[in-house]
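Engineer: Provide a 3D model corresponding to the input given below.
(chains A and B)
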Amino acid sequence: MTSNNSNRHIVQYPKEYSLCAGCTTCEIVCSLLHDGVVGHGYNRIFLQRSEPDMLHTIHACMQCEDHPCYEKCPKKERAMVIDENGVVYINEDECIGCGLCAKACPYTPSRINMVKSSDRKLRKAKKCDLCRTRPEGPACIEWCPVRCIGMSDEPVPVYGDNENEEAGGTAPSGEELTDELAYGVA
Amino acid sequence: MSERIKYGYIGKIARINLTDETVSVVDTFDYVPKYIGGRAVANRIFYDEVAPGVGAFDPENKVIYMTGPTTGTGIPTGGRSVFCSIAANNYPEQYAWSGIGGWIGAELKFAGWDGIIIEGKAKEPVYIFIEDDNIQFINAAPLWGMLVHRTQAAIREAHGDDVISCVIGPAGENLVRNASITTSSDNVAAKAGLGAVFGSKNLKAFAVRGTGVVVPADIEKLFYLRKHMGTPYMRPSPIIHEEEHGMDGNRIAVEGGWDRGQVACSHGCNQHCCRLMMNVPSAFPERETVNQVEKCVGIFAYGFQEDCSWSPIMTWETKENSVLPCKMLSNEPPPINPDDPYLDVLFDRVSGDITNYWKPDFRKGSVMMHLCNEYGIDKWDVIIWYMTWIASCKAEGLLDDLGFAMEPDAESEEFVRYFLDMITYRKGRLGEIFAEGMARATRSLGHEKYGKTIYNGRYSQVIPGLRLDIPVSLESAWGMSYHWAGRGYEATIDKPGWLAVALELMTVTRDNQTVAHFHDTYDHLLAIGDDPCHSEVLIDSVIMNENKGEMKDSISTCEWQSPDLFWTSMEAEMYTAATGIEVTEEEINDAAERSKLLMRAITMRNFGRDREMEVNAVFPTLQYPDPRGETVTWDDWNDFVDLYYKKRGWDIATGWPTRETWERYGLKDVADDMAAIGKLPA
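Structural biologist: Just a heads-up that it's a prediction; the model follows:
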């Protein structure tokens, strides 16, 4: 889904271009690079699993232009801040974990994650800020093994149009495999 | 963050007693780092807690489910985890293990547990719901009888879409001995029949939601591993429209084609080796089509008139051409390096035997797979054993008097439906017989006739025209069917390869070619030469593969990425990245030896394992000809076993480890136990 009220954000490509493998790499690298842990409360991108058909959906913050999350933050400009590119990010030192931003998110599921803890000091909001301080850009995109996510302001690629895909070899059909190679099954 | 949380490990194992519905906490650090995690920890717990004389379906049997220190860390393949228990389907019943992927292992660690020990037996059907420290026993009567995916859906409906479950289907409930445990979509622990052990405990499922975290020690190294393990392509994985299905002589055109995607089998993996077969025929009327996830053996459900072909590269690798199985399974093998000096030999394909079991039929194959997935039954046994037996026995005229309610025919969808329904629900006399698994069924029917009668329809393609005297029942040892064993299924491997596979099988309790597929370098094959039974190089290869197998289920990693023959320290590096505990490759190998020894101790003490038992379990299965017409002599086989025992530090006469061996790996207490029961060699 693409909002008409969104700045550039992370999108999932059509499965015909690349099928999400369900590996959760996007969630994992997100939480690892930001917080050094892996756990459901820490990722800012979300794999919504679909079983048994295995056609998963990836959700991330839509970077709304009117940023209702920011508007609801009781400590805006300190806990939630808008950077020079219009990206709302969270300053966790100031975040009190009230959850109002997550509730204000107009999307379902909410694109703002909350660390759940009995220790109130540990409760923090986690929101995608497109890895704003990372020169390489969003880590989830960089580390997705099947390249099924990208940025909304870039054209949706078409499989086979990228020279790198061809150089790496497109996934061959079963016929190609069994005709040309002798690896077999395990 | 709790002080109890250590890098890689959580620090707690839940002991869950179904009899009195109690839960207690076991400290993981009572077992690690000495026993690493996963199967090695389970081996130690089982050795300490389950006495001889306990059977698979006894309440005293325990199901130990363990993750590894890499599970949930994001280290590729760490999402694998393992069940250990006295299993139902091996023959005779013995302690065994069964691995599983999916998201369940990571979720359990997020909930704050490295594993669970399931004890006792519930009075009525239950499922366990684990939500962080809160572990509940919930009435499973409404779920009892449900198919696998319906059960999963019901649990999600009850507890939320973010809950991950492991469930059994009706086969497990009805104690069908090859029943599986399923998580996610068709991600199963199937070997050895642990689904039936769940059923014996009135346990329908366990389900988990965790809100905690897993903390890896070395994130920089973790990302290095993500980039280098299995050399992920980092390129799109589109849905591919296939016009045909099958391989080798079993390929068939599919009307309208079919769509193939590739998905990862477990949390955090950097590969996608599982085949998602999209919109294929369903076995049930609720839906006309389904998406099914398949791995290797499933392809033979569709057609099995020819066995799997083999090329030396599948077993013997070079630096120039080394490809991990995950790349084969995703149909993305790397380009062949033409600079390999052994290129012609490595890719010299050997065609599989003409088997004449069943012609390709896309719809029937899909229905067969779907039935297995929903009933919760090991599709390996169904494809490789039940159905080949039906086809072979029919050809030899052995089925006429058995009393099937319809004409037995492995090519008939109607018969496949009838047969799987019959065994899943134990319908009638034959349902009861076949629900016991093929090893027991053939003995019940009369093993000489129904196990050993030669099937006259199998022909080698290595020596064209050579008829192979293979029996109607493709039984190898321990109640398992052949697997890369030189005969039966995936038979076309060379003799050093199948000797190694047989030796690997000899000292365990189940088909272990799902966790210790035999691989080595082509240089080693050259060193083995033409007398493999007297080759110490081959023995070293066997032990290397066995030890890697122990650690795959312990650290944990995956059969399809380990071993990397040209990155032998990979597992040690994974362990250190997860835990922060510096270990060398040699120390990890020692831990594998320790795990192997614990397995040895269990089989010796609880199940009477000795040389005579295991040599005689395996040797007869090697007396049927391989596709080259070769077997192994009694003397050569025993010489081979001698070499192996000697290298392992086990007594040649009995197969029992010496005190020096037990103590070398820190198991003095086990040595003392063995001495006390008269099983410590002089």
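Engineer: Pick out the residue closest to the middle of chain A.
Structural biologist: Centroid-nearest residue in chain A, with C-alpha atoms, centre = their mean: residue A:45, separated by 3.4 Å.
Engineer: ok, residue 95 - contacts?
Structural biologist: As the question left the chain open, I've gone with chain A. Residue A:95 sits next to A:75, A:79, A:80, A:124, A:125 when contact means C-beta atoms under 8 Å, 6 or more residues apart in numbering or on different chains. Heads up, the C-betas are built off the backbone N, CA and C, glycines and all.
Engineer: wait, chain B
Structural biologist: So residue B:95 contacts B:46, B:50, B:84, B:85, B:86, B:87, B:509, B:599, B:602, B:603, B:606, B:607 (C-beta under 8 Å, 6+ apart).
Engineer: thought residue B:441 was touching residue B:433?
Structural biologist: Yes: counting by C-beta atoms under 8 Å, residue B:441 does reach residue B:433; the two are 5.0 Å apart.
Engineer: Let me know the secondary structure of the residue nearest the centre of chain B.
Structural biologist: When C-alpha atoms, centre = their mean is applied to chain B, the residue found nearest the centroid is residue B:514 (4.3 Å). What DSSP: H, G, I helix; E, B strand; the rest coil gives for residue B:514 is coil.
Engineer: can I assume it is in contact with residue B:192?
Structural biologist: No: Residue B:514 lies out of contact with residue B:192 (C-beta under 8 Å); the separation is 10.4 Å.
Engineer: about what we covered before: of the contacts of residue A:95, which is the nearest to chain B?
Structural biologist: residue A:124 (12.6 Å; C-beta to the nearest C-beta).
Engineer: how far away is the nearest residue to residue B:515 once chain neighbours are set aside from residue B:513?
Structural biologist: Closest residue in space to residue B:515, ignoring its immediate chain neighbours: residue B:549 at 4.6 Å, by C-beta to C-beta, 6 or more residues apart in numbering or on different chains. From residue B:549 across to residue B:513, the span is 9 Å (C-beta to C-beta, to the nearest Å).
Engineer: swap in residue B:394?
Structural biologist: Between residue B:394 and residue B:513 the computed distance is 28 Å (C-beta to C-beta).
Engineer: Tell me how many other residues surround residue A:154.
Structural biologist: When neighbours are counted by other C-beta atoms under 10 Å in any protein chain shown, residue A:154 registers 10.
Engineer: any idea whether it is helix, strand or coil?
Structural biologist: Secondary structure, three-state DSSP: residue A:154 is coil.
Engineer: Would you tell me what the next helix or strand after the longest helix along chain A is?
Structural biologist: In chain A, taking DSSP state H as the definition, the longest helix is helix A:25-35. Going down the chain from helix A:25-35, the next helix or strand is strand A:45-48, by DSSP states H and E.
Engineer: just the strands in chain A please.
Structural biologist: For chain A, the strands defined by DSSP state E cover A:10-12, A:45-48, A:57-60, A:80-82, A:88-90, A:112-114, A:125-127, A:149-151.
Engineer: nearest spatial neighbour of residue B:251, skipping sequence neighbours?
Structural biologist: Distance criterion C-beta to C-beta, 6+ apart; nearest residue to residue B:251, sequence neighbours excluded, is residue B:244 at 5.4 Å.
Engineer: dump the residue contacts of residue 55.
Structural biologist: You didn't pick a chain, so chain A it is. Taking C-beta under 8 Å, 6+ apart as the definition, contacts of residue A:55 comprise A:15, A:19, A:20, B:291.
Engineer: To clarify, I was referring to chain B.
Structural biologist: Counting by C-beta under 8 Å, 6+ apart, residue B:55 has contacts B:61, B:86, B:93.
Engineer: Identify the residue spatially nearest to residue B:297, adjacent ones excluded.
Structural biologist: Residue B:297's closest residue in space is residue B:380 (C-beta to C-beta, 6+ apart), at 5.2 Å.
Engineer: Tally up the residues packed near the one you found, please.
Structural biologist: Close neighbours of residue B:380, defined as other C-beta under 10 Å, add up to 25.
Engineer: and if you look at residue B:96?
Structural biologist: Neighbour tally, residue B:96, other C-beta under 10 Å: 28.
Engineer: Show me the domain layout of chain B.
Structural biologist: Per automatic domain parsing, the domain ranges recorded for chain B read B:12-209, B:470-676.
Engineer: Report the beta-bridge partners for the nearest residue to residue B:411 once chain neighbours are set aside.
Structural biologist: Nearest residue to residue B:411 in three dimensions, chain neighbours excluded: residue B:358, at 4.7 Å (C-beta to C-beta, 6+ apart). Going by DSSP bridges, residue B:358 is paired in beta bridges with residue B:304.
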